[in-house]
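Student: Any chance you can model this:
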Amino acid sequence: RLYAFQVDLMHRINGAVRIACAWLVLSIPAVAAERSRPISLPQALQRALAANPRLTAAERDVGIAGGLRIQSGALPNPEASFELDNALGSGPYKGTRSAETNLQLSQLVELGGKREARIAAGEAGIGSAIWQRRATRLQVLSETAIAFITVISAQRRIEIFDDQIASFDQLIPQLQKRVEEGASSPAETERAQVAADLFRVERDRAKTQLATARRDLAILMGESIPHFGKAIGQLALIGRPPSFQLVLKAIEANPQLMRWTAVTAQRNAELLIARLKAVPDVRFSVGWRHFQDTNDNGVRLGVSIPLPIFDQNRGNILAAQESLAKTAAERSINKLVLTSIAGRAYDSVNGALAEIKLLRSSVIPKARSAAETIQSGYAQGRFTLLELLDVKGSVLQALLREQEALQNFHIAVATIEGLVGNPFSLT
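Tutor: Model prediction:
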């Protein structure tokens, strides 16, 4: 029996291992395909909205505010009490012969509109949480767009270095041929190889920057590692944004600023709550009393009200007043911060536009023309290798500067769009 059990156990283990291996064989290609699938900006934004944990936390804040709103409308619970008097003593009060039994129900009745004030504060709290959720959504969208632009720019930098390295790979055999013919020194070949290797070093650095940018984008989409392939998009298209005054006007509708309307309503309600707390509430009670010695019954009615002599809640009222007065200053600070961010982004847009215009109209065409002239002249012996390497480096720097300016332009545009809440057309 033991042998049969061992054989059966081995068959079960082997079956489980085969199933696990089959699952791995089927799942690994699917995961690899997912990681190699290109991603576009709309897809990145959609995935960020679906999986970013900050949006989940903001949604929970709305739920918390909803729970507090429900609780704010709750009425005070009634109280039940039991009392036994004149019992378990000595003499005529020995045992329960002369006991008096009391059963009582009491209810606190809030006066002055306290419950309504709490409900108003709860409603305003929900509004504040909703505006904060919208602000978080805009921030996530803007940050995801900026991260996507950074990935696109890093990919383009690698392509620029690849083109330069390819041109050097074509040049080095020509140099070796010139050396064999005695037209050039072997040192020129080594110098060209050094230049090509330096470009490879820069390309490796760009690949590291790309890996970092891809990870940052993945984190915004709720992933610990990137599950996407190449980012698809173009940064070459540019245009002039609307005037800065229109941008400032649009910022007024930013959820971060709109939230302060709900915060003001909430703090007004809190001030009213603090003032109404000084209004005493009435407690009504009704009870039944049984006299054990005569076997008679009686009814007890009661009304109690606290006297606001020592505590009139003045400290909390003052604190609520200061908190309400602070709201306008906090909103002004928030608006100044948003205006400062928008101003820096707008200046960056204008600066990048001027830089791109100069690079495209003058620097890059002239650098390429000079590179073609010197490269063809070098083959005829009219220019030195040093001049050729210098002009190739100028072309590379011009292309990299253009790519950096394009990145700065689109990041600034994404920043402004995140502040105004909507994409705007470039003219």
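
Student: show me what contacts the closest residue to Ala87 other than its chain neighbours?
Tutor: Leaving aside its chain neighbours, Ala87 sits nearest to Ala99 (3.9 Å; criterion: CB to CB, 6 or more residues apart in numbering). Using the backbone N, CA and C atoms, a C-beta is placed for each residue, glycine as well. Residues near Ala99 by CB atoms under 8 Å, 6 or more residues apart in numbering: Leu84, Asp85, Asn86, Ala87, Gln292, Asp293.

Student: which of these sit farthest apart?
Tutor: Leu84 and Asp293 (13.6 Å; CB to CB).

Student: Look up how far Pro42 lies from Leu359.
Tutor: Per CB to CB, to the nearest Å, Leu359 is found 29 Å from Pro42.

Student: of the two, who's got more company?
Tutor: Leu359 (20 against 9; other CB atoms under 10 Å).

Student: so that one makes contact with Glu404?
Tutor: No. With contacts counted by CB atoms under 8 Å, Leu359 stays clear of Glu404, the gap being 10.0 Å.

Student: still on that earlier bit, so which of the contacts of Ala99 comes closest to Ala354?
Tutor: Nearest to Ala354, judged by CB to CB, of these is Leu84 at 91.5 Å.

Student: What helix or strand is the closest one located in?
Tutor: strand 79-85 (DSSP states H and E).

Student: what residues does that strand touch?
Tutor: Thr96, Ala99, Glu100, Thr101, Asn102, Leu103, Gln104, Leu105, Ser106, Gln107, Gly287.

Student: Name the residues linked to the last one by a beta bridge.
Tutor: What that stands for is Gly287. Gln104, Arg300 (DSSP bridges).

Student: Could you do the third one as well?
Tutor: With DSSP bridges as the criterion, the beta-bridge partners of Glu100 are Asp85, Phe291.

Student: show me the contacts for it.
Tutor: Contacts for Glu100 (CB under 8 Å, 6+ apart) come out as Leu84, Asp85, Asn86, Ala87, Arg289, His290, Phe291, Gln292.

Student: okay, and for this protein, where does confidence drop off?
Tutor: 1-35, 181-184 (pLDDT under 70).

Student: Would you double-check that Pro280 falls in a helix?
Tutor: No. Counting by DSSP: H, G, I helix; E, B strand; the rest coil, Pro280 is not part of a helix but coil.

Student: Next up, phi/psi of it, please.
Tutor: For Pro280, the backbone dihedrals (degrees, to the nearest 10) come out as phi -70, psi 150.

Student: Check which helix or strand the closest residue to Arg214 other than its chain neighbours maps to.
Tutor: The shortest distance from Arg214 to any non-neighbouring residue, by CB to CB, 6+ apart, is to Pro226 (4.6 Å). Here Pro226 is covered by no helix or strand, with elements defined by DSSP H and E.
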